[in-house]
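K.L.:
Using only what follows, build the 3D model:
(4 chains, ligands or ions: 2)
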Number of protein chains: 2
Amino acid sequence: MFSRACEYGIRATILIATHSIVGERVSLKDIARKTDSPLAFTGKVLQQLVKGGIVTSVQGVNGGFEIGRKQMEETRLSQIVAAIDGEQIFRACGLGLQECNAKKPCPLHDKFASIRNDLKTMLEGTSILDLSTGLKDGLTFLQR
Amino acid sequence: MFSRACEYGIRATILIATHSIVGERVSLKDIARKTDSPLAFTGKVLQQLVKGGIVTSVQGVNGGFEIGRKQMEETRLSQIVAAIDGEQIFRACGLGLQECNAKKPCPLHDKFASIRNDLKTMLEGTSILDLSTGLKDGLTFLQR
DNA sequence: CCAAAACAGGATAATTTTGTCCTGTTTAAA
DNA sequence: TTTAAACAGGACAAAATTATCCTGTTTTGG
Ligand code: FES
Ligand code: FES
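P.N.:
Ligands and ions are numbered 1, 2, ... in the order given. Now for the predicted structure:
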């Protein structure tokens, strides 16, 4: 569904948010360990998220990654996915035709577009904060 | 969503069915042309579908690919996807955790599993014949 | 100032996916 | 019987994705 890079990015962002909620920064080293992701590669993904304005990085001793309260309330999962995998997942034809077009639909168009739209709606309706609260309360997990 | 290989396989299968409906076989060459897919690679994908019992191949002059009436009625899109991409798409965790488990869910589990299940239901409820009739009648397309 | 923590980013490598090429076998028609 | 159409399958190549390594810069505390 999502690329590995995107999965790492989402997991990292959720972890960062749970720390930011309690006023802490979290280092790449900790992110990689707590989300069971490859460190250097996750670092690259985080660079994309910083450029995309999803999270903030702070260099130097006691640096790390953080995300503001407002940001975690307003940023949608769809934005993380778009920042890493692009918009294609929201627009592409299920059978790989060069464009999805209701005027010249592929045989799966109606059924596929419906589900693709549900996915889009779900991702647009889910904030980082939504995903972080369950983790903070120990109800959800980022490993196993 | 689906791999390229899977997209080619689905398009090929639908095309084969529309020809089988009118009692014709279709060659790999024609499949590649009419579905705008790379010939040799599509050939590999078709080998998988033959092994998977989705379509039948006939060698020699006047050979090609075909699919029986009963097969096209009974075979579900989910089976093509499973034959090429595997069952992972129906089971995998949206955030890439090693397994999706409601007892130890990732933060996205509830929302993701719901959509993944809708996708599964859709693919299981769609037969090759369903997809082929619109194409035969010129209402749907396999290119552009 | 200096050392260490921590991110940035370029280069490179490994793996997977996608795609091509070539040779062999089967089969029907001429 | 010969020929050509057509699939099967192994070997190889290209491209994309995933992953690692190394060097540089920033920053803070001692
Ligand atoms: S044209 Fe294929 S999903 Fe819309
Ligand atoms: S645990 Fe992640 S989708 Fe079920």
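
K.L.:
any residue of the helix ranked longest in chain A up close to chain B?
P.N.:
Across chain A, the longest stretch assigned as helix under DSSP state H is helix A:4-21. Yes. Helix A:4-21 reaches chain B (Cβ under 8 Å from any Cβ of the partner chain) through A:4, A:7-8, A:10-11, A:14. All C-beta spots, glycine's among them, are computed from the backbone N, C-alpha and C.

K.L.:
How about that helix and DNA strand C, touching?
P.N.:
No. Contact of helix A:4-21 with DNA strand C is not found when judged by Cβ under 7 Å from any atom of the strand; the minimum separation is 9.4 Å.

K.L.:
which secondary structure elements does that helix contact?
P.N.:
Here helix A:4-21 touches helix A:28-35, helix A:39-51, strand A:64-66, helix A:69-74, helix A:77-85, helix A:128-136, going by 3 or more Cβ pairs under 8 Å, 6 or more residues apart in numbering or on different chains; DSSP states H and E.

K.L.:
Indicate which one of these is closest to A:R116.
P.N.:
helix A:77-85 (12.3 Å; Cβ to Cβ).

K.L.:
pLDDT on whichever helix or strand comes after that closest one, on average?
P.N.:
Using DSSP states H and E, the helix or strand that follows helix A:77-85 in sequence is helix A:88-91. For helix A:88-91, mean pLDDT rounds to 97.

K.L.:
does helix A:88-91 come close to chain B?
P.N.:
Yes. Helix A:88-91 lies within reach of chain B by Cβ under 8 Å from any Cβ, at A:I89.

K.L.:
Show me which residues of the helix or strand following that helix are buried.
P.N.:
Later in the chain than helix A:88-91, the nearest helix or strand by DSSP H and E is helix A:109-124. The neighbour-count check on helix A:109-124 (16 or more other Cβ atoms under 10 Å in any protein chain shown) flags A:109, A:111-113, A:115-116, A:119-120, A:122-123 as buried.

K.L.:
Going by distance to ligand 2, which of those residues wins?
P.N.:
Using Cβ to the nearest ligand atom, A:M122 comes nearest to ligand 2 of those, at 12.0 Å.

K.L.:
returning to what we had before: got JSON lines for the helices and strands packed on helix A:4-21, with distance to DNA strand D too?
P.N.:
Shown next, in JSON lines, are the helices and strands packed on helix A:4-21 (distance: least, Cβ to the nearest atom of the strand, whole Å):
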{"stretch": "helix A:28-35", "distance to DNA strand D": "8"}
{"stretch": "helix A:39-51", "distance to DNA strand D": "3"}
{"stretch": "strand A:64-66", "distance to DNA strand D": "11"}
{"stretch": "helix A:69-74", "distance to DNA strand D": "20"}
{"stretch": "helix A:77-85", "distance to DNA strand D": "8"}
{"stretch": "helix A:128-136", "distance to DNA strand D": "21"}
